[in-house]
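Colleague: Need the 3D shape of this:
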Amino acid sequence: MHLKQSLFATASAVLLIATNAQAQEAETERESAIDRVLGTVTVTATKKKDVENVQDVPVAVTAFNSDTLDALNVTTLESLSYSSPNVSLDDVGTSRGTANFAIRGLGVNSSIPSIDPAVGVFVDGVYLGVNSGVVVDLFDVDSIEILRGPQGLLFGRNTTGGAVVINSGNPTDEFTYKLGAKVDGPVDEDRGGASATVQGYVSGPLIEGVLNGKIGASYTSDAGYFENLYNGDNHGELQAATYRGALEFTPTERLSFLGKVEYTDSRGDGPSGSNAGYFDRDSFDFSINEPGLAESETIFGSLRTDYDVDFGNGRITNIFGYRDYTSESVGDIDASPITFFHSGAELSQEQFSNELRYAGTFGKADVTTGLYYFEQEI
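Modeller: Numbers count the residues shown, from 1 in each chain. As a prediction, this is how the structure comes out:
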């Protein structure tokens, strides 16, 4: 059994004293980060038996592996908007955590769950039926692939703009652990408060060569980035926790099972809206008499089964997915200190899905075929 370990911590303010030795060390770290960004990146979005080098796939895709995400300090999907051409992965603004994704200008700017998105989001091979609860803190991510649309052939409907494929980290056959902490916040105009995030996971073999396991957790405490001039309180507060577990069972060389389960609980303020009729557009000033709320709870699980077959030197894959999402929100839509229009909403979504596919190679022909079932209740 081998031992791998890593610890990291970041903060928004750092005191740097430059000396020759420290400058050389910084140069080494900078080169290391560049190497990590330019390293080989593989993609799974083609759904072939084996992963492929992003440079070799005939698909318009921007892909990031775990090293690249760490080097770019990516904490949410929104951060990737700056590293992906023609891609906007923003929050809708009126409902915390709800995606307003657009690729090549194709997107749907709405938080109404009955309106289907133009950019599909897939987590561990499972399609998310609604955009709510998508924009959350990322941790222990193995890769993220952004495919420009249309992608209906492999991913089905709601991918005319494209698809965002997120693969969380799998259990490892070596004992590994990682712990990270981050503190940041506004540094101007004496507004808002600090935001602190702690994340970590432990992974390793439970039965050597047969069963591997992983557990992880992430916790964020945000005091609010803004100041509500209506009462002087911080606004944008958030308390969010995510717990994740995974098991990988390999009874034979041909057969493997990978199960993952995740629970997320998020509670915070409603949207921070600024009314341009009261305040300058270039400022962070706003005054609302309803701070609102944004509370959500998510249970997500997936079970992937892979079986290698001799027929076409291929693989049969089955992915079962389940998601249960509930949320409650209140927002000050008029964004003013007077009550004109306040909005409240409740959402409950439950979905089941199952994908069965075969991928193999016959001479120069790569064959991928399968069946897909999806059901959700909103």
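Colleague: now the strands for the stretch 251-378 of the chain?
Modeller: Counting by DSSP state E, counting those that start in this stretch, one finds strands in the stretch 251-378 of the chain at the ranges 255-268, 293-308, 315-332, 342-362, 365-377.
Colleague: Going by neighbour count, list what's buried in the first one.
Modeller: Just to be clear, that refers to strand 255-268. 257-260, 262-264, 266-268 (16 or more other CB atoms under 10 Å). The way it works is simple: take the backbone N, C-alpha and C, and place the C-beta from them, glycine included.
Colleague: now do the third one
Modeller: When neighbours are counted by 16+ other CB under 10 Å, the buried residues of strand 315-332 are found to be 315-323, 325-327, 329-332.
Colleague: what's the closest of those to residue 56?
Modeller: Distance to residue 56 across the buried residues of strand 315-332 (CB to CB) is lowest for residue 315, with 18.9 Å.
Colleague: List the residues that contact that closest one.
Modeller: 49, 306-309, 358-360 (CB atoms under 8 Å, 6 or more residues apart in numbering).
Colleague: ditto for residue 195
Modeller: Residue 195 neighbours (CB under 8 Å, 6+ apart): 183-185, 220-223, 225, 238.
Colleague: Need the nearest residue in space to it, chain neighbours excluded.
Modeller: If the residues on either side of it in the chain are set aside, residue 195 comes closest to residue 222, at 4.0 Å by CB to CB, 6 or more residues apart in numbering.
Colleague: for that neighbour, which residues make a bridge with it?
Modeller: Counting by DSSP bridges, residue 222 forms beta bridges with residue 195, residue 238.
Colleague: roughly how far apart are it and residue 293?
Modeller: 14 Å (CB to CB, to the nearest Å).
Colleague: Could you check which of those two is surrounded by more residues?
Modeller: residue 222 (21 against 16; other CB atoms under 10 Å).
Colleague: For residue 47, grab the count of nearby residues.
Modeller: Around residue 47 there are 14 residues (other CB under 10 Å).
Colleague: May I have the phi/psi pair for it?
Modeller: For residue 47, the backbone dihedrals are phi 60, psi 30 (criterion: degrees, to the nearest 10).
Colleague: Verify the stated contact: it with residue 360.
Modeller: No. Using CB atoms under 8 Å, residue 47 makes no contact with residue 360, being 11.8 Å away.
Colleague: who's in contact with residue 329?
Modeller: 95-96, 270, 292-295, 344-346.
Colleague: most surrounded residue in the residues you listed?
Modeller: Result: residue 96 is most packed of the contacts of residue 329 (other CB under 10 Å), 30 neighbours.
Colleague: Check the gap between the residue lying closest to it once chain neighbours are set aside and residue 328 for me.
Modeller: Leaving aside its sequence neighbours, residue 96 sits nearest to residue 294 (CB to CB, 6+ apart; 3.8 Å). Residue 294 sits 8 Å away from residue 328, going by CB to CB.
Colleague: need the helices for the stretch 151-300 of the chain, in chain order.
Modeller: 152-155 (DSSP state H, counting those that start in this stretch).
Colleague: So, low pLDDT: which residues of it?
Modeller: 187, 189 (pLDDT under 70).
Colleague: that older thread, out of the contacts of residue 329, who's nearest residue 136?
Modeller: Closest to residue 136, out of all of the contacts of residue 329 and judged by CB to CB, is residue 96, at 9.4 Å.
Colleague: Report the secondary structure state of that closest one.
Modeller: Look at residue 96: counting by DSSP: H, G, I helix; E, B strand; the rest coil, its state is coil.
Colleague: Contacts only, for it.
Modeller: 238, 266, 268, 270-271, 294, 296, 329.
Colleague: returning to that earlier point: would you mind naming the residues that bridge with the residue nearest to residue 96?
Modeller: residue 268, residue 329.
Colleague: ok so, going back, and the contacts of residue 329, which is closest to residue 151?
Modeller: residue 95 (25.4 Å).
Colleague: Please point out which parts of stretch 152-169 sit buried.
Modeller: Quick answer for stretch 152-169 (16+ other CB under 10 Å): 155, 158-169.
Colleague: Check stretch 279-290 too.
Modeller: Neighbour-count burial for stretch 279-290 [16+ other CB under 10 Å]: 284-288, 290.
Colleague: Identify the residues contacting residue 91.
Modeller: Here residue 91 is in contact with 78, 97-100, 135 (CB under 8 Å, 6+ apart).
Colleague: closest to residue 190 among these?
Modeller: residue 78 (25.7 Å).
Colleague: Name the nearest residue to the closest one, sequence neighbours excluded.
Modeller: residue 89 (5.5 Å).
Colleague: What residues sit buried inside the helix or strand hosting the one you found?
Modeller: Assigned by DSSP states H and E, residue 89 falls within strand 87-91. Buried residues in strand 87-91, counting neighbours by 16+ other CB under 10 Å, are found at 87-89, 91.
Colleague: Fine by me, thanks again.
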